[in-house]
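Engineer: here is my input, please return the structure:
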Amino acid sequence: MSKTRYTYDENLARNLIIIDGIARCGKSMLDPIISSLERVEHVKMLYLLEHIISGMFLGSIDEMYAKALMRVSINEIVYFNRIGRNANFRPEDHSGIFNSKEPKKYYKRLFMKDGDEVVEKLRREDNYFLLRTHNILANLELFDKFEIPYRMLQLFRHPIDNVYSWYKRGWGERIGKDPRAFTITPDFKGTRVPWYCVGYEEEWLNLNPYERSVRDVSFLIKRSVEQYRKLISKRNIHILTFEEFVQNPHDELKKICEFLNTTTSLYTPVFIEKGKLPQVINPSDRERKLLELEQNVNKDIFSQLNELSRLYESNLYGLR
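Structural biologist: Sure, this is the predicted structure:
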């Protein structure tokens, strides 16, 4: 049987913004503020995208099929967003419409008629469609195979804080046990392991939750940096750090607006205040986390964390 050839729909997400980073890096702090900017739609999540990417990373999914599926899926979520289908009404969710800058606008969309007119509006409009994702930069060469234009806001956080938050969230032990982890888990000798530890599964199984947190965060950060460095053109990716944004949100937003070719809105100061920004970062808090990590990981793992911290603090892993 010959290999199936796929065709691809036009791209309706003409102005796609991606807020990306590894888990626990602080994206939830960023997306309400970015959503508040002029012409930016309220943030959405497309977890299927992340699962397809992990399947491609594992070599389990045909790239041409993945491209066709993602083109359809992104068009679908953009279209549904325009007519209010699958709107999120959970008051505590960042993606919920009550946490958007204009809840009434999204409520009115529930009563719009669907059809060709909606597609024409999407073709004419210059609004930005905003997605929050995990680990896309870490797998950028795979994502780029979809040939979907985008601008990416890539968030990094100090590795000590990122690792500690990863551990406190339970990612060192929940994956493979908790169905709410929602993570692809290949089988390794009868044990479920997270997709990103393929290649160091044996090591991973012999680590405690603290050590796994360091190992996994380290792997995903290093892979993200490697993927970024491979890019011939980096103009579609804006690198920022959690620490700089929370301490100087107004200065950082100026840079982001210039990158996205948009401006702040009347709502932006409200969302900055809701995020309790700016904040002062207390060095003693990080020292406390580092001490706890040191007491619970082996020397080699702790050395990895220290080296990662040194690189982050010196020049953001060489990205600056």
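Engineer: from here on, contacts and neighbour counts on C-alpha atoms
Structural biologist: Fine.
Engineer: show me where the stretch 1-150 of the chain has helices.
Structural biologist: 27-35, 47-57, 63-83, 103-108, 116-124, 140-143 (DSSP state H, counting those that start in this stretch).
Engineer: of all the ones you listed, which lies closest to Asp216?
Structural biologist: Closest approach to Asp216 among the helices of the stretch 1-150 of the chain is made by helix 47-57 (14.6 Å; C-alpha to C-alpha).
Engineer: which residues sit against stretch 119-132?
Structural biologist: 12-20, 27, 31, 35, 39-46, 78-79 (C-alpha atoms under 8 Å, 6 or more residues apart in numbering).
Engineer: name the residues of it that are buried.
Structural biologist: Leu122, Tyr128, Phe129, Leu130, Leu131, Arg132 (16 or more other C-alpha atoms under 10 Å).
Engineer: figure out the length between the terminal residues of it.
Structural biologist: 23 Å (C-alpha to C-alpha, to the nearest Å).
Engineer: ok, now stretch 291-309?
Structural biologist: Taking C-alpha to C-alpha as the measure, stretch 291-309 stretches 14 Å from start to finish.
Engineer: and that stretch, how far out from the chain middle?
Structural biologist: With C-alpha atoms, centre = their mean, to the nearest Å as the basis, stretch 291-309 stands 25 Å off its chain's centre.
Engineer: and what of stretch 152-162?
Structural biologist: Distance of stretch 152-162 from the chain centroid (C-alpha atoms, centre = their mean) equals 10 Å.
Engineer: out of the helices of the stretch 1-150 of the chain, which gets nearest to Ser165?
Structural biologist: helix 27-35 (12.8 Å).
Engineer: which neighbouring elements make contact with the closest one?
Structural biologist: Under the contact criterion of 3 or more C-alpha pairs under 8 Å, 6 or more residues apart in numbering; DSSP states H and E, helix 27-35 touches strand 16-20, strand 129-132, helix 268-274.
Engineer: rerun at 7 Å
Structural biologist: When contacts are defined as 3 or more C-alpha pairs under 7 Å, 6 or more residues apart in numbering; DSSP states H and E, helix 27-35 sits against helix 268-274.
Engineer: ok, and for the helix it packs on, which residues are buried?
Structural biologist: By 16+ other C-alpha under 10 Å, the buried positions in helix 268-274 come out as Thr268, Phe271, Ile272.
Engineer: dump those residues into TSV; add pLDDT and distance to Pro209 as well.
Structural biologist: TSV is the format used below for these (pLDDT from 0 to 100; distance: C-alpha to C-alpha, whole Å):
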residue	pLDDT	distance to Pro209
Thr268	99	39
Phe271	98	35
Ile272	98	34
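Engineer: distance check, His238 against Glu173.
Structural biologist: Taking C-alpha to C-alpha, one finds His238 at 32 Å from Glu173.
Engineer: ignore what I typed, I meant Leu137.
Structural biologist: In terms of C-alpha to C-alpha, Leu137 sits 24 Å off from Glu173.
Engineer: who has more neighbours out of those two?
Structural biologist: Leu137 (26 against 16; other C-alpha atoms under 10 Å).
Engineer: which residues are in contact with Leu220?
Structural biologist: With contacts defined as C-alpha atoms under 7 Å, 6 or more residues apart in numbering, the neighbours of Leu220 are Ile22, Ala138.
Engineer: same question, Tyr6
Structural biologist: Met64, Tyr65, Ala68.
Engineer: so what's it scoring on pLDDT?
Structural biologist: On the pLDDT scale, Tyr6 is placed at 95.
Engineer: show me what contacts the nearest residue to Ile237 once chain neighbours are set aside?
Structural biologist: Nearest-residue entry for Ile237: Met152, 4.7 Å, with adjacent residues in sequence omitted and distances by C-alpha to C-alpha, 6 or more residues apart in numbering. By C-alpha under 7 Å, 6+ apart, the residues touching Met152 are Ile17, Ile18, Ile19, Asp20, Asn236, Ile237, His238.
Engineer: sticking with Met152, tell me its helix or strand.
Structural biologist: Using DSSP states H and E, Met152 sits within strand 151-156.
Engineer: parallel or antiparallel, list what pairs with that strand.
Structural biologist: Here strand 151-156 has these sheet partners by DSSP bridges: strand 16-20 (parallel), strand 237-241 (parallel).
Engineer: contacts for the next helix or strand after the last one next, please.
Structural biologist: Once strand 237-241 ends, the next helix or strand along the chain (criterion: DSSP H and E) is helix 242-247. Applying C-alpha under 7 Å, 6+ apart, the external contacts of helix 242-247 come out as Gly26, Leu155, Phe156, Arg157, Glu252, Leu277, Pro278, Gln279, Val280.
Engineer: just put the residues you listed in a markdown table and tack on pLDDT and neighbour count.
Structural biologist: Shown next, in a markdown table, are the contacts of helix 242-247 (pLDDT from 0 to 100; neighbours: other C-alpha atoms under 10 Å):
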| residue | pLDDT | neighbour count |
| --- | --- | --- |
| Gly26 | 97 | 20 |
| Leu155 | 99 | 20 |
| Phe156 | 99 | 23 |
| Arg157 | 99 | 22 |
| Glu252 | 98 | 15 |
| Leu277 | 98 | 17 |
| Pro278 | 98 | 15 |
| Gln279 | 97 | 14 |
| Val280 | 96 | 10 |
